[in-house]
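what follows is a predicted structure for the sequence shown.
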Amino acid sequence: MPIDFHFINHRFSSMRKKTTTIFRLCLALLSYGVLQGQEQPPTAQKSPTGKRSTPSRPGKAAPEVYPKTVPSPTVTDIRYGPHERNIIDLWKAKSDKPTPLVLFIHGGGWVNGSKERIETCVNVQTLLDAGISVAAINYRYIAQATEEGLTPPVIGPLHDAARALQHLRHNAKEWNLDAQRVGLTGSSAGACTSLWLAFHDDLADPKHTDPIAHQSTRPQYVAVLRAQTTLDPEQAKEWLPNSTYGGHAFGKKSFAEALIDRKNLLPWIKEYSPYALVTKDDPDVVIFYENIPNMGKPQKDPTHSANHGIGLQKHCKSIGVDCEVIHPGIKNPDCKTATEYLIQVLKK
């Protein structure tokens, strides 16, 4: 049977085109992550059984486990919304009286991460021993909010966090919580969300038919780590010339694209950037960083630079809001950890 060289050449040509397309797609996805300056996906952890858990990914609720240093929650997977990631884990402190509450909002650039990261921010057992209950939440990622048609997609994670806080307050009596003594904590994007809740006007709607919506979305205290304090690309460039983070919050493919389109994004910046929302009636906030600020200069990790904290602190001071920024250059700070600060203010 004669060999059809034309057919073979056609098949190889088709295969080359498909391979090239796949390779280009992989490069594009990699570049997107780099341009956004997002946190790296979490590495798999070993569970108490010795098995490795799978990191969470957008669109899939992968099972992560708490490290051995974190006690088992009193109640797990409390539903606060319709999405599969709308869940809360709760640790109830032993007390005859309603206890203060610390709510943890995980980081991950709003694109990955889970509530099991809580040990990166606070010591759960120390808080429980101090008579403070603790809650940790999952929320919709940017990709999931985009799939649902939310614009800007950052509405998903931000409003989920607000709803989770309302849900906890609505059930405060059942879980022996003091709804008027709530502190927020979180890292990176979770810290940004915490600051957004602290500075945004209360989303409580007393006329809503849903009683959960009647509850306040405002915390009394905030103690966060490695926070992004602005989603304004122009402002971020002033503080950090090598900024790359934030465009994805508004559905942009890159920071550069957000910067170019900033004029059109201004209404969203005013609504979702923590810096833009500060008013004199806002609660005290403390932000911890692992680097020394250097305003207006490039930073090794601009996404988590203390420049963010200094920029917000100056703004808060001009308005009359107490914003403390703690970094390695601060000698003898009033508190060294978020756990320490939250115990001080919630138990005073």
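Yep, that arrived.

would you state the strands of this structure in chain order?
75-79, 87-91, 99-105, 133-137, 177-186, 221-225, 284-288, 323-326 (DSSP state E).

any chance you could list what contacts the third one?
Contacts made with strand 99-105 from outside it, assessed by Cβ atoms under 8 Å, 6 or more residues apart in numbering, are listed as 92-93, 115, 118, 121-122, 127, 131-137, 139, 161, 164-165, 168, 176-179, 181-186, 190-191, 193-194, 219, 342, 346-347. C-beta: built from backbone N, CA, C; applies to glycine.

same question, the shortest one
Applying Cβ under 8 Å, 6+ apart, the set of residues contacting strand 323-326 from outside is 284-289, 293, 306, 309-310, 312-313, 316-317, 333-336.

which of these are buried, as a ChimeraX select command?
The buried residues among those can be selected in ChimeraX (16 or more other Cβ atoms under 10 Å) with this line:
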select :284,285,286,287,288,289,293,306,309,310,312,313,316,335
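
the residue nearest to the spatial centre of the chain and residue 178, how far apart?
The residue lying closest to the centre of the chain (Cα atoms, centre = their mean) is residue 190, at 2.0 Å. According to Cβ to Cβ, to the nearest Å, residue 190 and residue 178 sit 23 Å apart.

before we move on, what about residue 225?
24 Å.

the two: which is more packed in?
residue 225 (24 against 18; other Cβ atoms under 10 Å).

give me the pLDDT value at the residue nearest to the centre of the chain.
As predicted, residue 190 sits at a pLDDT of 98.

if we ignore the residues flanking it in sequence, what's nearest it?
Ranked by Cβ to Cβ, 6 or more residues apart in numbering and with sequence neighbours excluded, the top spatial neighbour of residue 190 is residue 105, at 3.8 Å.

how many other residues sit next to the one you found?
Close neighbours of residue 105, defined as other Cβ under 10 Å, add up to 34.

also residue 319?
For residue 319, the count of nearby residues is 12 (other Cβ under 10 Å).

count the residues that sit near the closest residue to residue 257 other than its chain neighbours.
The spatially closest residue to residue 257, leaving aside those adjacent along the chain, is residue 247, at 5.8 Å (Cβ to Cβ, 6+ apart). Burial measure for residue 247: 24 neighbouring residues, criterion other Cβ under 10 Å.

surely residue 247 meets residue 262?
No - Residue 247 lies out of contact with residue 262 (Cβ atoms under 8 Å); the separation is 10.2 Å.

returning to what we had before: ok, now which ones touch the residue nearest to the centre of the chain?
Listed by Cβ under 8 Å, 6+ apart, the contact partners of residue 190 are 104-108, 113, 121, 224.

closest to residue 298 out of those residues?
Closest approach to residue 298 among the contacts of residue 190 (Cβ to Cβ): residue 107, at 22.3 Å.

surely that closest one meets residue 113?
Yes - using Cβ under 8 Å, residue 107 is in contact with residue 113, at 5.6 Å.

just to revisit the earlier point, mind checking how far the residue nearest to the centre of the chain is from residue 263?
Counting by Cβ to Cβ, the gap from residue 190 to residue 263 is 29 Å.
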